[in-house]
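*Asks:* have a look at this prediction, sequence included:
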Amino acid sequence: MSMPHSVATEEQTGRRLTMVEALREALREEMRRDQRVILLGEDIGVPGGFGGAFTVTLGLEQEFGHERVLDTPISEAAIAGVAAGAAMGGLIPVADVQYGDFLFLAMDQLANQAAKMRYMSGGKLTVPMVFRAPVGATTRGAQHGQSLEAFLMHVPGLKVVCPSNPYDGKGLLKSAIRDPNPVIFFEHKLLYGSKGARKEAGGIELVVHVPEEEYLVPLGQAKVVREGSQVTIVANLLMVHRSLQAARALEANGIDAEVIDVRSLVPLDEETIFNSVRKTGRLIIVEEDSEEEIVLTEQVGDGGRHKRVLHCHPCRHIHVTIAHPGPQPPGPLEHKFRPGTRVGLVKDWAVKHVPDLDHGAKWCLRDAAGEILDNEVHIGTLATHPGCSLGVSLTEHHKPKG
């Protein structure tokens, strides 16, 4: 029997917040709790301004003043360097980069300094800092819409967090601020909510119950957001919601899917994922990233000892990602390449018999509406087929008649 389809399973009565409101409340509560917590970033404390690129810090400068809400020059390298130095000097900085794409400008400070200081000092120094970074394709172009989880999770010493809903967003951000290590906190722009002057076009309506009382969501704890018995779907950020939509479509076809929200990538809750795969025997990994930057497949599907664990419990895994091998396509074409709701329309035989497919045979590929996309497709090339959205390997496909 499946759980309710909502990501946040807490009681849905009382106060309800968007992601932006929940993150802002987390910052406010932690700044009130600990005087060492400071904020820094571009345009985060301008009187009458937006409160950062997506209004998360709006109004905080009025309560805490500009000594704790610091506007910086347009220099991500400087923001990261100041944050790392402040953290080593006894403060707890929460830095704001307007778009996650700009993290590349701060990589030396993040990867060679903040991430390594604890190790290089033999544990004498800690770097308790958080770097908030909006990610995800929202038609803003190739330099403002990447998903960079894979890059940062490969840096030893950095923790990587990716909330999918306001309840988790608040609890995870508070835990990240209290963690003695540097944390990269990814936020998908389409999850911020539809309120405010900086709302993102195409954002989903995501307003959930967030308790007023104190709570934390520990880093490294995944969450089964929908129970199932036949196939495991593992996702993060916006793709959790797409996966839940897919699970509902599967249910209509008699397939019981379990959906797991990883919540954090470093540390990764391997046990929750493996327990699910042992039960279902099938794994689908869904993320908004290009094929060259796969995150969860390396961690869950193909990487080292993870591969051995999955092979001990025979499992067929499919990776759903961006089917575009090059730079991100222009804004209006993004929806042609990223995972969408139609990836969930998987017929019963496709899930049950994927291991038995003849990869040399030709098949007829159809989209969710039944429209023929290609009459002669090799199963092995579905992942990069240009005629479908991301995750084409999960769309409905039939062997051609005759």
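*Replies:* Good, I have the coordinates.
*Asks:* which strands or helices does the lengthiest strand in the chain pack on?
*Replies:* Ranked by residue count under DSSP state E, the longest strand found in the chain is strand 282-290. In terms of contacts (3 or more CB pairs under 8 Å, 6 or more residues apart in numbering; DSSP states H and E), strand 282-290 is packed against helix 149-153, strand 231-235, helix 238-252, strand 316-322. In short, each C-beta sits where N, CA and C put it, glycine included.
*Asks:* go again using 6 Å as the cut-off
*Replies:* Secondary-structure packing of strand 282-290 (3 or more CB pairs under 6 Å, 6 or more residues apart in numbering; DSSP states H and E): strand 231-235, helix 238-252, strand 316-322.
*Asks:* what's the most buried one of the ones you listed?
*Replies:* A comparison of these by mean neighbour count, using mean count of other CB atoms under 10 Å, puts strand 231-235 on top with a mean of 28.
*Asks:* tell me the strands beside that one, with direction?
*Replies:* Sheet neighbours of strand 231-235, with direction, are listed as strand 257-261 (parallel), strand 282-290 (parallel) (DSSP bridges).
*Asks:* dump it to PDB, restricted to CA.
*Replies:* Provided in PDB are the C-alpha atoms of strand 231-235 (Å, rounded to 0.1, in the frame of the first residue of the first chain):
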ATOM      1  CA  VAL A 231      10.800  -0.700  -8.400                       C
ATOM      2  CA  THR A 232      12.900   1.800  -6.500                       C
ATOM      3  CA  ILE A 233      13.200   5.400  -7.800                       C
ATOM      4  CA  VAL A 234      16.000   7.500  -6.200                       C
ATOM      5  CA  ALA A 235      16.000  11.300  -6.800                       C
END
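*Asks:* which regions of the stretch 101-250 of the chain sit below the pLDDT cut-off?
*Replies:* Within the stretch 101-250 of the chain, the segments meeting pLDDT under 70 span 139, 194-203.
*Asks:* switch the cut-off to 80
*Replies:* Within the stretch 101-250 of the chain, the segments meeting pLDDT under 80 span 137-145, 193-205.
*Asks:* what segments of it are strands?
*Replies:* Using DSSP state E, counting those that start in this stretch, the strands of the stretch 101-250 of the chain run over 130-135, 159-161, 183-188, 208-209, 223-226, 231-235.
*Asks:* let's have the ones you listed in JSON lines, adding distance to residue 259.
*Replies:* Output for the strands of the stretch 101-250 of the chain, formatted as JSON lines (distance: least, CB to CB, whole Å):
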{"stretch": "strand 130-135", "distance to residue 259": "20"}
{"stretch": "strand 159-161", "distance to residue 259": "19"}
{"stretch": "strand 183-188", "distance to residue 259": "16"}
{"stretch": "strand 208-209", "distance to residue 259": "16"}
{"stretch": "strand 223-226", "distance to residue 259": "4"}
{"stretch": "strand 231-235", "distance to residue 259": "5"}
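*Asks:* which one of the ones you listed lies nearest to residue 270?
*Replies:* Across the strands of the stretch 101-250 of the chain, residue 270 has its closest neighbour in strand 231-235 (10.9 Å, CB to CB).
*Asks:* now do stretch 172-191: everything it contacts.
*Replies:* With contact meaning CB atoms under 6 Å, 6 or more residues apart in numbering, stretch 172-191 is reached by 19, 23, 26, 30, 114, 126-136, 138, 149, 152, 158-163, 200, 202-204, 206, 216-219, 237-238.
*Asks:* tell me the buried residues within the residues you listed.
*Replies:* Neighbour counting over these (16 or more other CB atoms under 10 Å) leaves 19, 23, 26, 30, 114, 126-136, 138, 149, 152, 158-163, 200, 203, 206, 217, 219, 237-238 as the buried ones.
*Asks:* the residue nearest to residue 239 when sequence neighbours are not counted - how many residues pack around it?
*Replies:* Of all residues not flanking residue 239 in the chain, residue 286 sits nearest, at 4.5 Å (CB to CB, 6 or more residues apart in numbering). Residues lying near residue 286 (other CB atoms under 10 Å) number 26.
*Asks:* same question, residue 289
*Replies:* There are 26 residues near residue 289, going by other CB under 10 Å.
*Asks:* now it: closest residue in space that isn't a chain neighbour?
*Replies:* Counting by CB to CB, 6+ apart, residue 147 is the residue found nearest to residue 289 once chain neighbours are left out, at 4.6 Å.
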